[in-house]
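Student: A predicted structure for the sequence below; I have some questions about it.
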Amino acid sequence: MPSRLGHTWGSAFVYLNPKTILQAFTTSDGSRNSVQSLIAEYKNGNLVPKHISNSFTINTGRGLYEPHIASYKDNYYMTARAEDRRGYIMKSEDMGRTWSKPKPWTWENGDTIPMNQTMTKLLSHSDGLTLVYTRIRKDNDNVFRNRAPLHIADVDHKTLSLKRSTERIIVPNRSEKESGLPVGNFWVWPINQKESYVIVAEWPRDGRQENGDIWLVKIHWRHPNRKMTPNGREKVTLK
């Protein structure tokens, strides 16, 4: 058994049906972290565990942690933080009971996307998946762990890679010469059929007393997100 359970805050749960949720979490055994998921059912006002999935880690640094889950069609996807200059993606075809072996995030051509130990989050739409993330660039060494700018890109759900031509900067690195302001700790929310939000605060992490700004990024979808109802509630279907 793991010695500690943590980082459930890093991943909002998703509904498998109106009474059952899928929650990603991190376990810790000493200095090594692993990611996995829990299926739990609401009964008499409580969540009752039903199934715990297989788990994965890597042998570098603190392993895998800060997982985040999203669904697309009938499959589920989990992205996780690592400390080997990569981020990782896993897929489940059985509603989170088992996960595929972690695959490093790459571009479509197979090139690994360099990432400096920070969270990634999946933003789901009825027509596809996107990833929100920071990465190592030629112009962001001045930022703590390269955590600015903040990007978004479409996910190729078949190859579990990112489509480089779709990458956009949604929060800039606002200082090219001086020490930058990291935006690596962020959250994503589906709001309604037309919009999803990303919220992040600029937090120096280098001893400076002053913080930067708080950013609200509004993602405007070209097509309605049918995973949401017209009045802004998540659709939950029976499975």
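Tutor: Received it, and whenever you're ready, just let me know what you need.
Student: need the CA coordinates for stretch 96-116. PDB is fine.
Tutor: In PDB, the C-alpha atoms belonging to stretch 96-116 read as follows (Å, rounded to 0.1, in the frame of the first residue of the first chain):
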ATOM      1  CA  GLY A  96     -10.800   4.300 -16.300                       C
ATOM      2  CA  ARG A  97     -10.500   0.700 -15.000                       C
ATOM      3  CA  THR A  98      -7.100   0.300 -16.800                       C
ATOM      4  CA  TRP A  99      -4.700   2.800 -18.400                       C
ATOM      5  CA  SER A 100      -2.300   2.400 -21.200                       C
ATOM      6  CA  LYS A 101       1.500   2.700 -20.600                       C
ATOM      7  CA  PRO A 102       2.500   6.400 -20.300                       C
ATOM      8  CA  LYS A 103       3.600   8.000 -23.600                       C
ATOM      9  CA  PRO A 104       5.600  11.200 -23.600                       C
ATOM     10  CA  TRP A 105       3.800  14.100 -25.200                       C
ATOM     11  CA  THR A 106       5.100  14.600 -28.700                       C
ATOM     12  CA  TRP A 107       4.300  16.600 -31.800                       C
ATOM     13  CA  GLU A 108       2.600  14.700 -34.700                       C
ATOM     14  CA  ASN A 109       6.000  14.000 -36.300                       C
ATOM     15  CA  GLY A 110       7.200  12.100 -33.200                       C
ATOM     16  CA  ASP A 111       9.500  14.800 -31.700                       C
ATOM     17  CA  THR A 112       9.200  14.900 -27.900                       C
ATOM     18  CA  ILE A 113       7.900  18.200 -26.500                       C
ATOM     19  CA  PRO A 114      10.300  19.400 -23.800                       C
ATOM     20  CA  MET A 115       8.500  20.300 -20.600                       C
ATOM     21  CA  ASN A 116      10.000  21.400 -17.300                       C
END
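Student: I'd like the mean pLDDT over it, please.
Tutor: The pLDDT scores in stretch 96-116 average 98.
Student: which elements pack onto the top strand by length along the chain?
Tutor: In the chain, assigned by DSSP state E, the strand with the most residues is strand 32-43. With contacts taken as 3 or more C-beta pairs under 8 Å, 6 or more residues apart in numbering; DSSP states H and E, strand 32-43 sits against strand 20-29, strand 46-52, strand 65-72, strand 75-81. Every residue, glycine included, has its C-beta placed from N, CA and C.
Student: got these as a markdown table, with distance to residue 168, mean pLDDT and mean neighbour count columns?
Tutor: As requested, these are exported to a markdown table (distance: least, C-beta to C-beta, whole Å; pLDDT from 0 to 100; neighbours: other C-beta atoms under 10 Å):
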| stretch | distance to residue 168 | mean pLDDT | mean neighbour count |
| --- | --- | --- | --- |
| strand 20-29 | 26 | 93 | 21 |
| strand 46-52 | 37 | 94 | 13 |
| strand 65-72 | 18 | 96 | 23 |
| strand 75-81 | 18 | 97 | 25 |
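Student: could you dump those to TSV with distance to residue 153?
Tutor: TSV is the format used below for the helices and strands packed on strand 32-43 (distance: least, C-beta to C-beta, whole Å):
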stretch	distance to residue 153
strand 20-29	21
strand 46-52	31
strand 65-72	14
strand 75-81	12
